[in-house]
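Q: The following block contains a protein sequence and its predicted model.
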Amino acid sequence: MDLGLSSSIAVIIGGSSGIGLACARQFLAEHAQVAIWDIQPPASDINALYLPVDITSLADLQTALETTATQLGPIQHVVNAAAVGSGKFGSPFTSLTPRDWHRVLEVNIQGMTNVAHALTPHILHQSTGTFTFIASVAGQIGSPTDPPYSASKAANINFAKVMAKDLAAHNIRVNTVCPGMVKTPLNQAVWRSWNERQPPDQQLEYDDWAQQKIAALVPLNRWQSADDIAHMVVFLASEKAAQITGQTINVDGGYVI
Ligand SMILES: NC(=O)c1ccc[n+]([C@@H]2O[C@H](COP(=O)([O-])OP(=O)(O)OC[C@H]3O[C@@H](n4cnc5c(N)ncnc54)[C@H](O)[C@@H]3O)[C@@H](O)[C@H]2O)c1
């Protein structure tokens, strides 16, 4: 299926690793031009403009916008996959302190807010475009694994709906895509923080921990790949999804039913 993205320019924020990197590759496969904005360079070779950006800095985002527009042209599609967890196992929530929430909320909520404020005037100027935010099933079920992460993802889902309502009159669509379980550095960090808290005889290798979790929680009983998520993201950016805005789309093997 030709998604009709070949003359478009997409910015993938958090596009240097995992799901964001897969999104960048999928846009390239659709012959779009791609800029990756991330705090670290891409994990592997990719034909994209890389710019160092920390989404907690509005100034970084504004500079990257100017550079991208100058070097590639006007941006139509924005994907935000940048996020962090607390790095600690948060069950029960009292095992964290309120200070453990600061960085997670700063990156995941304030970062999304900065992305929205930095890029909306530019996209509005073109009278068409899309924002796709990668949230999580954790933002829908009150996942106890990492409460600040979970709460931040709920905020992403909520604010994306606000954006969708405000921008619909300008033909700008805004959606969130929620992965379930994808093998990435972020997911591995969740396992590591869980494993560190277990007594030695109950510790598990990453794949065993994941397989147990998937068998217990995922009806289709399998991981999602980064490409599974990226396929949904490029579809949402395309005109094939012209009627879809303000939606929370789970690509999760049925985790949230
Ligand atoms: N992996 C999973 O199982 C899973 C499940 C549900 C949701 N998600 C979501 O998918 C998205 C992508 O995560 P991933 O699993 O691919 O993780 P990842 O760690 O592989 O990628 C995250 C990227 O974000 C970048 N980043 C982090 N902080 C940043 C900042 N302040 N400014 C700019 N870039 C920053 C990192 O450098 C990295 O390249 C995240 O929003 C995550 O919450 C992942």
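A: Ah, there it is.
Q: Would you map the helices across the stretch 101-250 of the chain?
A: 102-105, 111-124, 138-141, 147-167, 185-196, 206-217, 226-237 (DSSP state H, counting those that start in this stretch).
Q: nearest to residue 52, of those?
A: Nearest to residue 52 among the helices of the stretch 101-250 of the chain is helix 111-124 (14.6 Å), distances taken as Cβ to Cβ. All C-beta spots, glycine's among them, are computed from the backbone N, C-alpha and C.
Q: And the closest one, what does it pack against?
A: helix 58-71, strand 77-80, strand 129-134, helix 147-167, strand 172-179 (3 or more Cβ pairs under 8 Å, 6 or more residues apart in numbering; DSSP states H and E).
Q: What pairs with the second one, parallel or antiparallel?
A: Its sheet considered, strand 77-80 pairs with strand 9-13 (parallel), strand 129-134 (parallel) by DSSP bridges.
Q: Tabulate these (JSON lines), appending mean pLDDT and distance to residue 146.
A: Shown next, in JSON lines, are the strands paired with strand 77-80 (pLDDT from 0 to 100; distance: least, Cβ to Cβ, whole Å):
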{"stretch": "strand 9-13", "mean pLDDT": "98", "distance to residue 146": "21"}
{"stretch": "strand 129-134", "mean pLDDT": "98", "distance to residue 146": "16"}
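Q: Pick the most deeply packed of the ones you listed.
A: strand 9-13 (a mean of 29; mean count of other Cβ atoms under 10 Å).
Q: Show which residues not belonging to that one make contact with it.
A: Applying Cβ atoms under 8 Å, 6 or more residues apart in numbering, the contact partners of strand 9-13 are 20-21, 23-24, 27, 32-38, 48, 53, 55, 64, 68, 72-82, 115, 119, 237.
Q: what is the orientation angle of it with helix 58-71?
A: Orientation check (axes from the mean of the first three to the mean of the last three Cα atoms, to 10 degrees): strand 9-13 against helix 58-71 gives 150 degrees.
Q: Around the ligand, which positions in the stretch 101-250 of the chain sit nearby?
A: Residues of the stretch 101-250 of the chain lying near the ligand by Cβ under 6 Å from any ligand atom: 107, 111, 134, 136, 179, 181, 182, 184, 185, 186, 187.
Q: Report how many residues lie close to the closest residue to residue 194 other than its chain neighbours.
A: Closest residue to residue 194 apart from its sequence neighbours, by Cβ to Cβ, 6 or more residues apart in numbering: residue 89 at 4.9 Å. Around residue 89 there are 19 other residues, counting by other Cβ atoms under 10 Å.
Q: Residue 89: which element?
A: Assigned by DSSP states H and E, residue 89 belongs to neither a helix nor a strand.
Q: circling back to that earlier point, just name the most buried of the helices and strands packed on helix 111-124.
A: Note that of the helices and strands packed on helix 111-124, strand 77-80 is the most buried (mean count of other Cβ under 10 Å), with a mean of 28.
Q: what's next to it, contact-wise?
A: By Cβ under 8 Å, 6+ apart, the residues outside strand 77-80 that reach it are 5, 8-15, 20, 23, 27, 32, 55, 111-112, 115, 119, 123, 129-134, 233, 237.
Q: With stretch 248-255 instead?
A: 135, 137, 140-141, 157, 160-161, 175-181, 214, 217-224, 228-229, 232, 236, 256.
Q: Let's see that with 7 Å instead.
A: Residues from elsewhere that reach stretch 248-255 (Cβ atoms under 7 Å, 6 or more residues apart in numbering): 135, 137, 157, 175-180, 217-220, 222, 224, 228-229, 232, 256.
Q: who are the neighbours in contact with the residue nearest to residue 194?
A: Contact partners of residue 89, counting by Cβ under 7 Å, 6+ apart, are 95, 145, 193, 194, 197.
Q: Go again with 10 Å.
A: Taking Cβ atoms under 10 Å, 6 or more residues apart in numbering, we find residue 89 in contact with 95-96, 144-146, 190-198.
Q: from the residues you listed, which is closest to the ligand?
A: residue 190 (7.6 Å; Cβ to the nearest ligand atom).
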